[in-house]
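[1] Provide a 3D model corresponding to the input given below.
(2 chains)
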Amino acid sequence: MNDTTVNNSQARYSVGIDLGTTHCVLSYLDLTKALEDPTLEPELTIMSIPQLTHAGVIEEKKQLPSFIYMAHESELNEADIALPWNAQPKSIVGSIARELGSKTAIRLVASAKSWLCHSGVDRHSAFLPVASPEEVSKISPLTATYEYLDHLRAAWEHQFPEFPLAEQDVTITIPASFDPAARELTAEAAQRVGFANLTLLEEPQAAVYNWIHASGEAWREQVQVGDIILVVDVGGGTTDLSLIAVIEEEGNLTLNRIAVGEHILLGGDNMDLALAYRVKAKLSAEGKELQGWQIQAISQACRDAKEQLLLDNDIDSVPISVPSRGSKLLGKTLRTELTRNEVREALLEGFFPEVKIDDHPRAVRRGGLTQKGLPYAQDPAVSRHLAAFLSKQVTAADDVLGSASSADNEQGFADPLAGNFAQGGIADFIKPSAILFNGGVLKAPVVSERILTTINQWLEDAGADKARLLADADLDLAVASGASYYGYVKQGQGVRIRGGLASTYYVGIESSMPAIPGMEPPLEALCIAPFGMEEGSETTPSQAEFGLVVGEPVRFRFFGSNTRRHDEAGLQLDHWQEGELEELPELQATLAVEGRRIGDVVPVRLMAKVTEVGTLKLEAIAVNSVDQNGAPERWQIELDVRD
Amino acid sequence: MNIDLSAFPTTLDTLHLGLGISAALFLVLFLTKKKAPDHQAPAENENATGEESLEQTVEQPAKEVIQEAPKTVVLKEATPEAALQLLTLLQQDARFIDFIQEDLSGYSDADIGAAARVVHEGSKKTLDTYFTFEAIRSEEEETSISLPEGFNASEVRLTGNVVGQAPFKGTLIHKGWKVSEVKLPKLSAGHDASIVAPAEVEL
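    Numbering: from 1, shown residues only, chains lettered A, B, ... in the order given. From the prediction side, this is the model:
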């Protein structure tokens, strides 16, 4: 009781922030009110975010587009960019940025979140907007993330001046597929805004929390022990997949996040663009050539048309008209139409084809010369990515539900391998029994039906029961709502999803053997953080010792695996199957010179810690030197190496 | 009669004494009676005068009006800001001004239709975003309805054979529209609302 009162005086609200690739949403829950009567379902509110929509015009919207416009100094009047809380904001964020950027792309910062988890670039360096002339001032993906959060903070404090956002209980959502460095960077941006009570939550988990909140107590009737829930989240820019198992512990239903998918840069924006190019092809066939701005305008018009054609079932075609840019409208307005068949063909067959379970994404092949750009998914078919994920995670539920679960799926074959052969080589996969959808794209019934049919076809082919759809509303805002509800769950109310680390992490060690020309020394992998490691826990230091050279950065190769679930910290692997371990950006440790000679080698052991925030921290612990307090000296190992 | 103007009375007779006293009395009366209105203007400060005289001029006719002429009301003056803002919104999303400023003669209906779609879709989006409309009467148009006594005459307009007493029976011609909510965007203080569409220059 004492604890709660202390907590209440600090954090009155639980605030959930969906920091999306294309939009940010903020939801909040009054903790004081909710904890007064825990029998009632707490009320979640989506905050209306004041933002500039055009020069000098301020509107309140539920979504803050994640865009920043780096304006030229003579482009806008000072009075026209004033915000209610700041007469001279340094950056132009939100709807107006997207609006201005649609005409001046070289000054638009977009997709900062995708850059944040792109390991091929230094995410602290200022390079956004990409491919823009030198004189345009640039910011880093980290700063862009900070700007979105800071706008939300200012908007919040404008509405609740007595409750600074930094002191509230803030939960920021991230894709489940974010690597440790991207998580760390998100936390860094949040800490720069000043958030003191911060937690990171995986987006698919947030979607599940929202579903639990929306269903009330009834959620316990919609799932049962042994269920495997597949969360499919197709947002504006990314597709995120997770599996959650329903288990029983001490007579209570508990949820356990057992697997997450890879980071797939594929979302609703790709679909709008695909439709726009289809319309463009149609117009070129009529002999009309389009300019860049017209394609922009068409993809906007296609987005509206798509929504109509995917929702209403009696509209056969929607006219697309693109007005001229000048003041003359008549005779210069480009007109065509988008039909239901075209939309279905382009979207359903292009992005959600009915494929077999063993039809996986075409291998990513990169040319020697790759432009500095985002690693967009090479295969646009979400269904193939889904098939690959379910196949790869075939044993994911074995630990929590027992290997009986996969045996059951094999219709009574005791040996899963025998089951495989008996089915004529059909690849085995994990069989979800319930599906939860999230993300704006899946609001369209046609799309969600298609995914459901495809998965059910796989299940039927494998002789398993069909999966049920868990109904949820407001797929655009669900993640933010779920995140603010999570802040309430953390107070000990309702059910909490168990998760921990979604991957096992390894450090690469070169085996010591005589150098042979033309042959790389074989690599071994030392497990430093096991799968499922929970927030607030740490591993014991490894047995293996490493030599850190004083005064110069030492780099480690870093690997992650989301299929090897049983490796304990300290285990050294000398071989693994192809695709099991995925190389992540290098780690770096630098020992300050203080009290040592440059070039000295200090022996250290490595250990891992998962912070309360939800980020992974790696530390090097000195084997034979202590600090003033007598504890072994420790150094932080950086996850995001700066070149 | 010979009048000697240089002659000066040596003694005071009763008649002259009476005259002198009455003259002095009149002077005193004159001074006390006329003092207020006449003497104020130059002597006292200008502000006070201004206010008082204004009060008088306003009050006087007002009193008369109440008794004689119909009541005048202060007319509300619509602020141009809001109107300009609506024009800006309609131009932004619907190209409203561009369309109305065009000369339609010489264009085919297909051309006009293509442009009209832009205007219609955009205007609808604007109206739906910033206004909430509701019908004043929920009954079907062209059906018979009855208006009770004390109906709101601003909401319902009676036409045609307007005689008799409420309740009135009649045919609903137009169901009416009422804006129940207006959510116009806010404008920053220094924003020039008269620019409904800035000129655009591509570099």
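[2] Residue A:53 and residue B:185 touch, don't they?
    Yes - counting by CB atoms under 8 Å, residue B:185 is a contact partner of residue A:53 at 6.4 Å. For every residue, glycine as well, the C-beta is placed using N, CA and C.
[3] Pull up the overlap in contacts between the two.
    Taking CB atoms under 8 Å, 6 or more residues apart in numbering or on different chains as the contact rule, residue A:53 and residue B:185 both touch residue A:59.
[4] Not including adjacent chain positions, what is the nearest residue to residue 89?
    You didn't say which chain, so I picked chain A. Among residues not flanking residue A:89 along the chain, residue A:83 sits closest, at 5.3 Å (CB to CB, 6 or more residues apart in numbering or on different chains).
[5] could you do chain B instead?
    Using CB to CB, 6+ apart and skipping the chain neighbours, the partner closest in space to residue B:89 is residue B:126 (5.0 Å).
[6] residue contacts, that neighbour?
    Counting by CB under 8 Å, 6+ apart, residue B:126 makes contact with B:89-90, B:92-94.
[7] By neighbours, which of those wins?
    Greatest neighbour count in the contacts of residue B:126, by other CB atoms under 10 Å in any protein chain shown, goes to residue B:89: 24 neighbours.
[8] What helix or strand is it located in?
    Taking DSSP states H and E as the definition, one finds residue B:89 inside helix B:80-94.
[9] Whichever residue of chain B sits closest to chain A - how many residues pack around it?
    Relative to chain A, the nearest point of chain B is residue B:190 (2.5 Å; CB to the nearest CB). Counted with other CB under 10 Å, the neighbours of residue B:190 add up to 12.
[10] pLDDT at the closest residue in space to it that isn't next to it in sequence, what is it?
    Closest residue to residue B:190 apart from its sequence neighbours, by CB to CB, 6+ apart: residue A:79 at 2.5 Å. pLDDT for residue A:79: 85.
[11] re earlier: the residue nearest to residue A:89 is in contact with residue A:56, isn't it?
    No - using CB under 8 Å, residue A:83 is not in contact with residue A:56, being 11.0 Å away.
[12] Looking at those two now, which is surrounded by more residues?
    Neighbours per residue, other CB under 10 Å: of residue A:83 and residue A:56, the larger number sits with residue A:56, 25 against 20.
[13] In contact with the more buried one, which residues?
    Residues near residue A:56 by CB under 8 Å, 6+ apart: A:77, A:79-82, B:187-188, B:190-192.
[14] and with 10 Å instead?
    When contacts are counted by CB atoms under 10 Å, 6 or more residues apart in numbering or on different chains, residue A:56 touches A:76-77, A:79-82, A:96, B:85, B:88, B:185-193, B:195.
[15] How far does the helix holding residue B:89 sit from its chain's centre?
    Chain-centre distance of helix B:80-94: 24 Å, with CA atoms, centre = their mean, to the nearest Å.
[16] surely residue B:93 meets residue B:87?
    No - contact criterion CB atoms under 10 Å: residue B:93 and residue B:87 do not qualify, at 11.6 Å.
[17] coming back round to it: so the residue nearest to residue B:190 makes contact with residue A:52?
    No - counting by CB under 10 Å, residue A:52 is not a contact partner of residue A:79; they are 11.6 Å apart.
[18] what is in contact with the two at once?
    Residues touching both residue A:79 and residue A:52 (CB under 10 Å, 6+ apart): residue B:188.
[19] neighbour-wise, which of the two wins?
    Comparing residue A:79 with residue A:52 by neighbour count (other CB under 10 Å), the higher total belongs to residue A:52, at 26 against 16.
[20] middle-most residue in chain B, spatially?
    Of all residues in chain B, the one closest to the mean position by CA atoms, centre = their mean is residue B:75, 2.0 Å from it.
[21] quick one on the thing from earlier: so what's the backbone phi/psi at the residue of chain B closest to chain A?
    In terms of degrees, to the nearest 10, the main-chain angles of residue B:190 are phi -90, psi 10.
[22] show me the residues around it that make contact.
    Residue B:190 neighbours (CB under 10 Å, 6+ apart): A:56, A:77-80, A:82, A:87.
[23] Contact residues of the stretch 251-400 of chain A facing chain B?
    Contacts of the stretch 251-400 of chain A with chain B, taken as CB under 10 Å from any CB of the partner chain, map to A:293, A:301, A:304, A:318-336.
[24] Now, of the residues you listed, which are buried?
    The neighbour-count criterion (16 or more other CB atoms under 10 Å in any protein chain shown) marks A:301, A:318, A:320-324, A:329-330, A:333-336 among these as buried.
[25] And these, which is closest to residue A:358?
    Closest approach between those and residue A:358, by CB to CB: residue A:318, at 37.2 Å.
[26] and residue A:507, what element?
    Using DSSP H and E, residue A:507 sits within strand A:504-510.
[27] now residue A:343
    Using DSSP H and E, the element containing residue A:343 is helix A:340-343.
[28] and what of residue A:305?
    Applying DSSP H and E, one finds residue A:305 within helix A:292-311.
[29] Tell me the helices and strands packed up against that helix.
    Under the contact criterion of 3 or more CB pairs under 10 Å, 6 or more residues apart in numbering or on different chains; DSSP states H and E, helix A:292-311 touches helix A:268-285, strand A:317-322, strand A:334-339, helix A:340-343, helix A:445-461, helix B:109-130.
[30] Pull the contacting residues for residue A:214.
    Residue A:214 sits in contact with A:41, A:44, A:470-474, A:478, A:481-482, A:485, where contact means CB under 10 Å, 6+ apart.
[31] In the chain, what helix or strand scores lowest on average pLDDT?
    No chain in the question, so chain A it is. One helix or strand of chain A scores below all others by mean pLDDT, DSSP states H and E: helix A:416-422, with a mean of 41.
[32] Wait, chain B was what I had in mind.
    Min over SSEs of chain B, mean pLDDT, DSSP H and E: helix B:46-67 (a mean of 46).
[33] How much space separates the spatially most central residue of chain A from chain B?
    Nearest to the mean C-alpha position of chain A, by CA atoms, centre = their mean, lies residue A:175 at 1.6 Å. Using CB to the nearest CB, to the nearest Å, we find residue A:175 at a distance of 31 Å from chain B.
[34] Where does the prediction get shaky in chain B?
    Under the criterion pLDDT under 70, the flagged ranges of chain B are B:1-17, B:28, B:31-68.
[35] what about 80?
    B:1-71, B:78 (pLDDT under 80).
[36] can you check the stretch 501-643 of chain A too?
    Within the stretch 501-643 of chain A, the ranges that satisfy pLDDT under 80 run A:510-522, A:548, A:591-597, A:599, A:624-631, A:640-643.
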